[in-house]
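# sequence first, predicted coordinates after that:
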Amino acid sequence: MTQSELKDFLDEKVHQYNTLDFIESDPVQIPHLFSQKEDIEIAGFLSATIAWGNRKMIIKNSHRMMDLMGNAPYDFVMSHSQDNLEALDAFVHRTFNGADFSCFIRSLKHIYQNHGGLEAVFSTHQEKDSMQKTIHEFKKLFFEIPHQNRTQKHISDPLNNSAAKRINMYLRWMIRQDNKGVDLGIWKNISPAALSCPLDVHSGNVARKLGLLTRKQNDGKAVSELDLALRKLDSIDPVKYDFALFGLGVFEGF
């Protein structure tokens, strides 16, 4: 199909899937549980961190994370005791365990106490058309505190050619100005034009079938290639097409 036909097709699929119904089966529902900015961004960050594997299990374990924090994530981060952290020991989602969870809580406190919070950190090192260097710098800062080396694998680094799917998804939730009520768009200091599509096996396969992506691996280079293609379709809100690619792959088996 022509570029114009492809855009019309994908715009139609965005309209179909970028709806409130999407929330019911997606981990984006977790930050939607909260109204305070800090609660939203912490809940979103933690649930995005474990967003791999079975989607029902991701959602179930994300709710468990919130329960373990008394459903007050910001308050827990800022005022937790050692006993509170020890209560997290039993948590596990695939390779993310209680020790990782405790490290994330301590690091988040460090970020809010010393660096102005998550939005402030992600607002630095900005580039006009990419968040990838910003993610790289965020990871360095996140692990400034003492931590186990194994925990570092739970935040990807796009400058090491990772697709960084989960953190790109998190940034979509926080930054994209969505008039349909799915993405929360609570961070106003970063342009949605700089966002990258959260590339996974589903969106990657659909993108290849549609001619948006030629690279076979779902890695950082593929993300850059897909970014260029999607920005030609919409330079202001390119990651809205994540709904189309994901919906076509997961719900339609395209």
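Sure, I can see it.
# which stretches of the stretch 1-150 of the chain form strands?
For the stretch 1-150 of the chain, the strands defined by DSSP state E, counting those that start in this stretch occupy 92-93, 96-97.
# so which of these is the most surrounded?
Of all the strands of the stretch 1-150 of the chain, strand 96-97 has the most neighbours on average by mean count of other C-beta atoms under 10 Å, namely a mean of 18. (Glycine included, C-beta is placed from N, CA and C.)
# mind listing the strands that one pairs with, and their directions?
Here strand 96-97 is paired, per DSSP bridges, with strand 92-93 (antiparallel).
# sorry, back to before: dump the strands of the stretch 1-150 of the chain to TSV, plus mean pLDDT.
Conversion of these to TSV gives the following (pLDDT from 0 to 100):
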stretch	mean pLDDT
strand 92-93	96
strand 96-97	97
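# now stretch 32-50: how far from the chain's centre is it?
Computed by C-alpha atoms, centre = their mean, to the nearest Å, the chain-centroid distance of stretch 32-50 equals 11 Å.
# buried stuff in it?
Neighbour-count burial for stretch 32-50, counted by 16 or more other C-beta atoms under 10 Å, picks out 32, 34, 37-50.
# same check, this time on stretch 110-117
110, 111, 112, 117.
# one more: stretch 203-218?
Those buried within stretch 203-218 under the rule 16+ other C-beta under 10 Å are 203, 204, 205, 206, 207, 208, 210, 212, 213, 215, 218.
# again, but for stretch 116-126
Counting neighbours by 16+ other C-beta under 10 Å, one finds that the buried residues in stretch 116-126 are 117, 118, 119, 121, 122, 125.
# one more: stretch 57-64?
For stretch 57-64, the neighbour count (16+ other C-beta under 10 Å) marks 58, 59, 61, 62, 63 as buried.
# from these, which is closest to residue 174?
Closest approach to residue 174 among the buried residues of stretch 57-64 (C-beta to C-beta): residue 62, at 15.8 Å.
# chain neighbours aside, what residue packs nearest to the closest one?
residue 47 (3.8 Å; C-beta to C-beta, 6 or more residues apart in numbering).
# now do the end-to-end distance for stretch 139-150.
Criterion C-alpha to C-alpha, to the nearest Å; first-to-last residue distance in stretch 139-150 is 14 Å.
# still on that earlier bit, among the buried residues of stretch 203-218, name the ones in helices.
Of the positions in the buried residues of stretch 203-218, 203, 204, 205, 206, 207, 208 sit in helices, assigned by DSSP state H.
# and the furthest pair within the buried residues of stretch 32-50?
The span of the buried residues of stretch 32-50, defined through C-beta to C-beta, is set by 37 and 50 at 21.6 Å.
# need the max-distance pair from the buried residues of stretch 203-218.
Pairwise distances across those peak at 15.2 Å for 210 and 218 (criterion: C-beta to C-beta).
# hey, where'd the helices end up in the stretch 151-254 of the chain?
Using DSSP state H, counting those that start in this stretch, the helices of the stretch 151-254 of the chain run over residues 165-175, 201-209, 220-233, 241-246.
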